[in-house]
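Visitor: next come a sequence and a model predicted from it.
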Amino acid sequence: MELSSVIYAQLEELSNAGNDLVDDENYSLAIGKWMEALTLLPEPQSDWEAYTWLSASLGDAYYQLEKFEEARHALFNALNGPDGQSNPFIHYRLGQCNDRLGLESIEHLLQAYMLDGERIFGENEDGMLLLQKLKDRNMIP
């Protein structure tokens, strides 16, 4: 299935506008652009690749706003879109959200590690602490 060229162009425009807003750390307006883009997807929305990356983008923006429940919801949506299960970023960000909410995070952190290794955790303190959780459980070397 392919989107019409008109819808694809609109999706691309809204997505790029959202990305530009994120670059300026204006996450709330970016969320609005991506939500608008989602409404352009024909039903069932979750069948489209754009659903996966738009939902992941929403999850990331909500995470940046420290709206972890909203982020989890969007990231679970992303997992259910095409190729969502094989996307290490989605698993990593979901693990971060769960960790922030005091929920079990190991499953998603381990999946992120298995898909992308240590580099998905970055070199920041938060990533190193989450990576250490996997090491402390003897799940990774």
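Guide: Arrived safely.

Visitor: okay, CA-based contacts and neighbour counts for the rest of this
Guide: Fine.

Visitor: just the helices in the chain please.
Guide: Counting by DSSP state H, the chain has these helices, from start to end: 5-23, 27-39, 49-64, 68-79, 88-100, 106-116, 125-136.

Visitor: with mean pLDDT and mean neighbour count added, can I get the ones you listed in JSON lines?
Guide: Supplementary listing: the helices of the chain in JSON lines, determined by pLDDT from 0 to 100; neighbours: other CA atoms under 10 Å:
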{"stretch": "helix 5-23", "mean pLDDT": "97", "mean neighbour count": "16"}
{"stretch": "helix 27-39", "mean pLDDT": "98", "mean neighbour count": "19"}
{"stretch": "helix 49-64", "mean pLDDT": "98", "mean neighbour count": "25"}
{"stretch": "helix 68-79", "mean pLDDT": "98", "mean neighbour count": "23"}
{"stretch": "helix 88-100", "mean pLDDT": "98", "mean neighbour count": "24"}
{"stretch": "helix 106-116", "mean pLDDT": "97", "mean neighbour count": "20"}
{"stretch": "helix 125-136", "mean pLDDT": "95", "mean neighbour count": "15"}
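
Visitor: mind giving me the domain ranges of this structure?
Guide: 1-71, 87-141 (automatic domain parsing).

Visitor: go ahead and flag the most central residue of the protein.
Guide: residue 56 (2.9 Å; CA atoms, centre = their mean).

Visitor: might one say that that one is in contact with residue 91?
Guide: No - at 9.9 Å, residue 56 does not count as touching residue 91 under the criterion of CA atoms under 8 Å.

Visitor: sweet, I'm off.
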